[in-house]
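Trainee: Quick one: sequence plus predicted model below, questions after.
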Amino acid sequence: MLDLLGADADTASPPAATHWEAMTDAVAHLSGPIAAIDLSALRYNALDLVVRAGGVPIRVASKSIRVREVLDATLAVPGYHGILAFTLPEALWLAESHDDVVLGYPTVDRAALAALVRDEQAATRVTLMIDDLAQLDLIDTVAPPAGRPALRVAIDVDASWRAPGLGHIGVRRSPLHNPTDAVRLARAVSVRAGYRLVGLMMYEAQIAGQPDDTGRGDGVIRWMQQRSGRELRERRAGIVAAVREITPLEFVNSGGTGSLEYTAADPSVTELTAGSGLLAGHLFDGYRAFSPAPAAAFALEVVRKPEPDIVTVLGGGWIASGPPLPSRQPVPVWPAGLTTFAREGAGEVQTPLRGAAARALKVGDRVWFRHAKSGELAERVDRYHLVEHGAVVGEIPTYRGEGRSFL
């Protein structure tokens, strides 16, 4: 099993000056494309997140990993507890070996719901997420409350900022926003047969998912985050207090990789969520509070040279979800100075790259890329090669490599 705390573990961030050369040498004997995890970087990131959390437990966001061995190894590090899953089939699979799996999003997967109510162990280990009684109505059509175990549920409350004069700032999630909304649903759940309200979640994407040190409009971002943070702290405290008057809560979950310090300082929060900071997709560069080490990356091979300063690698179009912006494309990181073409970007089958470094590259050489989002790279490959001290020390399957595709 992957061990992030072994006696010989190097917990320092790998030196940037030699990192990519060492990775290239390590995988030279392997055919591409290659996805790799630098174990020193992963260890550094895992421990850095714990330090940033300041003693508040961290629930691991599985969508940002999608590799069971990395999930297991992270949960073995003191400071981590529980999983935030992204689909119910995934949660049921992980609950076979983990006893605390919270579903991060509502589900209407009828087959998975039927499987949940048939599995008494899973029903005690998996917590469903809701924000509307209609979601419970659907569950009851699949499995009426009579004769089935009471299902654990948590309420998702919108943490976005409804800024005066600016409108909605944040992601579009729950329709619940204030204490009145949350109390109304909590009361309905508390008296409804077949359910047990155990938790509350509020995810402040406008703080956790917004870099504030990019050199582009950072002052506006910081102003927004400060104002939003003050408003949210007061509103969240009111929501938590009001719901606790109805029923005791096992957990109040909030935060993300980009907001651990802010969220950990909120006394109404009992646990944080993080995942992206472990493998460190490039969308998590540009934060003042932390600098994750690039733990996961992929290497593509040069297959031709259209011009002396242009190389073409096979593949590359592993675009991350979100708005169709350049930030969602993979970024070539080594050799330094290579860029994609504006009219082609990262291509489905080939990706041309331009830069002075291309002159020294030959057919068969490697170019390293970093994916935009940490977990989505695992949807493209069936395994990660583990690199440590300049050598491949093993390989681990992704969800895809285990024959699992959840969403």
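Mentor: Done, it's in.

Trainee: Report the secondary structure state of H19.
Mentor: Assigned by DSSP: H, G, I helix; E, B strand; the rest coil, the conformation of H19 is helix.

Trainee: check contacts around G315.
Mentor: For G315, the contact set (Cβ atoms under 8 Å, 6 or more residues apart in numbering) comprises P33, L300, G347, V349, Q350, T351. Placement of C-beta: from N, CA and C, glycine included.

Trainee: Closest to D109 out of these?
Mentor: P33 (31.7 Å; Cβ to Cβ).

Trainee: circling back to that earlier point, distance to V333 added to the contacts of G315, as TSV?
Mentor: Shown next, in TSV, are these (distance: Cβ to Cβ, whole Å):
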residue	distance to V333
P33	15
L300	12
G347	18
V349	21
Q350	19
T351	14
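
Trainee: so which of these is the most crowded?
Mentor: Of all these, the most densely surrounded is T351 (26 neighbours; neighbours counted as other Cβ atoms under 10 Å).

Trainee: Tell me which two in the contacts of G315 are the farthest apart.
Mentor: The largest separation in the contacts of G315, counting by Cβ to Cβ, is between P33 and G347 at 13.3 Å.

Trainee: So which bits of the longest strand seen in the chain are buried?
Mentor: As assigned by DSSP state E, the longest strand anywhere in the chain is strand 296-307. Under the neighbour-count criterion of 16 or more other Cβ atoms under 10 Å, strand 296-307 has A296, A297, F298, A299, L300, E301, V302, K305 buried.

Trainee: now do stretch 234-247
Mentor: Neighbour counts using 16+ other Cβ under 10 Å place R235, R236, G238, I239, V240, V243, I246 of stretch 234-247 among the buried residues.

Trainee: how about the strands in the stretch 301-407 of the chain?
Mentor: 310-314, 331-334, 339-340, 350-354, 366-370, 383-388, 391-397 (DSSP state E, counting those that start in this stretch).

Trainee: And for the stretch 51-200 of the chain?
Mentor: Using DSSP E, counting those that start in this stretch, the strands assigned to the stretch 51-200 of the chain run over residues 58-61, 80-85, 101-103, 126-130, 151-156, 161-163, 167-169, 195-202.

Trainee: Give me the contacts around the fifth one.
Mentor: If I follow you right, that is strand 151-156. Contacts of strand 151-156 (Cβ under 8 Å, 6+ apart): 102, 105-106, 116-117, 123-124, 126-131, 136, 139, 173-174, 176, 182, 185-186, 189, 194-203, 243, 251, 253.

Trainee: From the centroid of the protein, which residue is nearest?
Mentor: Within the chain, the residue whose C-alpha comes closest to the C-alpha centroid is S64; the distance, by Cα atoms, centre = their mean, is 2.8 Å.

Trainee: Would you agree that one is in contact with S374?
Mentor: Yes - with contact defined as Cβ atoms under 8 Å, S64 counts as touching S374 (4.4 Å).

Trainee: so what's in contact with these two at the same time?
Mentor: Shared contacts of S64 and S374, defined by Cβ under 8 Å, 6+ apart, comprise G275, S276, L278, L279.

Trainee: which other residues reach the helix or strand containing the third one?
Mentor: With elements delineated by DSSP states H and E, L278 resides in helix 276-279, which encompasses its position. Contact with helix 276-279 is made by 37, 42, 45-46, 48-49, 60-61, 64-65, 70, 74, 256-257, 283-284, 290, 292, 295-296, 373-375, 377, as judged by Cβ under 8 Å, 6+ apart.

Trainee: just stretch 175-190 next, same as before
Mentor: Stretch 175-190 is contacted by residues 130-133, 136, 153, 155-158, 160, 162, 195, 197, 200, 235, 238-239, 241-243, 246-247 when judged by Cβ under 8 Å, 6+ apart.

Trainee: One more: stretch 82-95?
Mentor: Contact with stretch 82-95 is made by 57, 59-63, 68, 71, 75, 98, 100-105, 107, 109, 112-113, 115-116, 119, 121-122, 125-126, 128, 253, 271, 273, 275, 399, 404, 406-407, as judged by Cβ under 8 Å, 6+ apart.

Trainee: C-alpha coordinates for stretch 380-389, PDB please?
Mentor: Extracted as PDB, the C-alpha positions of stretch 380-389 are listed here (Å, rounded to 0.1, in the frame of the first residue of the first chain):
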ATOM      1  CA  ARG A 380      -7.700   9.800 -19.200                       C
ATOM      2  CA  VAL A 381      -5.300   7.100 -18.000                       C
ATOM      3  CA  ASP A 382      -5.600   3.700 -16.400                       C
ATOM      4  CA  ARG A 383      -2.600   4.100 -14.100                       C
ATOM      5  CA  TYR A 384      -0.200   6.500 -12.500                       C
ATOM      6  CA  HIS A 385       3.500   5.700 -12.400                       C
ATOM      7  CA  LEU A 386       5.000   6.600  -9.000                       C
ATOM      8  CA  VAL A 387       8.300   8.400  -9.100                       C
ATOM      9  CA  GLU A 388      10.600   8.900  -6.200                       C
ATOM     10  CA  HIS A 389      14.300  10.100  -6.000                       C
END
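
Trainee: Would you indicate which residues of it are buried?
Mentor: Across stretch 380-389, burial judged by 16+ other Cβ under 10 Å covers R380, V381, R383, Y384, H385, L386, V387, E388.
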